[in-house]
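A.B. asks: Structure of the sequence below:
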Amino acid sequence: MARPKKDVGDRRRQTTIWLSDEERREIGQRAEAARQPFGDYVRRAALGRRLTAAPSIINLAGWEELSNLSINLREILLYAREWRDLDEAGLMGQIIEIQMQIERLGATLIGGGDPDA
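C.D. replies: Numbering: from 1, shown residues only. From the prediction side, this is the model:
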């Protein structure tokens, strides 16, 4: 993956630090676990910033799916507010379907796969 271009004037100073082989290996392992390039990890750590892991592809897909589910829930709520004569059976069917999708998504995000499988 190509590195994004930096703004002009951004990060123009290079700093060298000396590390033992063990320190370099440990920092490298931590950067890899956080799914961050070595330099970005060191910079963030030195500046006292949060060292959160970049989301994995599975989590990115999960967030996208979660966004779609939240849109569906919002539409159901808007429908329920606008109409007094609700088709309760149809509404409950939609809610149950969304609940099942959320359960499958949760199982996927924690590595359990499809709970129905």
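A.B. asks: So for the biggest helix by length in the chain, what gets flagged as buried?
C.D. replies: Scanning the chain for the longest helix, with DSSP state H as the assignment, gives helix 57-82. Buried residues in helix 57-82, counted by 16 or more other Cβ atoms under 10 Å: 62, 65, 66, 69. The way it works is simple: take the backbone N, C-alpha and C, and place the C-beta from them, glycine included.
A.B. asks: now the helix or strand just after it, how far from the centre of its chain.
C.D. replies: For helix 57-82, the succeeding helix or strand toward the C-terminus, using DSSP states H and E, is helix 88-109. Distance of helix 88-109 from the chain centroid (Cα atoms, centre = their mean, to the nearest Å) equals 21 Å.
A.B. asks: Adjust the sequence numbering to begin at 20 for everything that follows.
C.D. replies: Shifting the count to begin at 20 puts that one at helix 107-128.
A.B. asks: So which elements touch helix 107-128?
C.D. replies: Contact analysis of helix 107-128 by 3 or more Cβ pairs under 8 Å, 6 or more residues apart in numbering; DSSP states H and E lists helix 76-101 as its packing neighbours.
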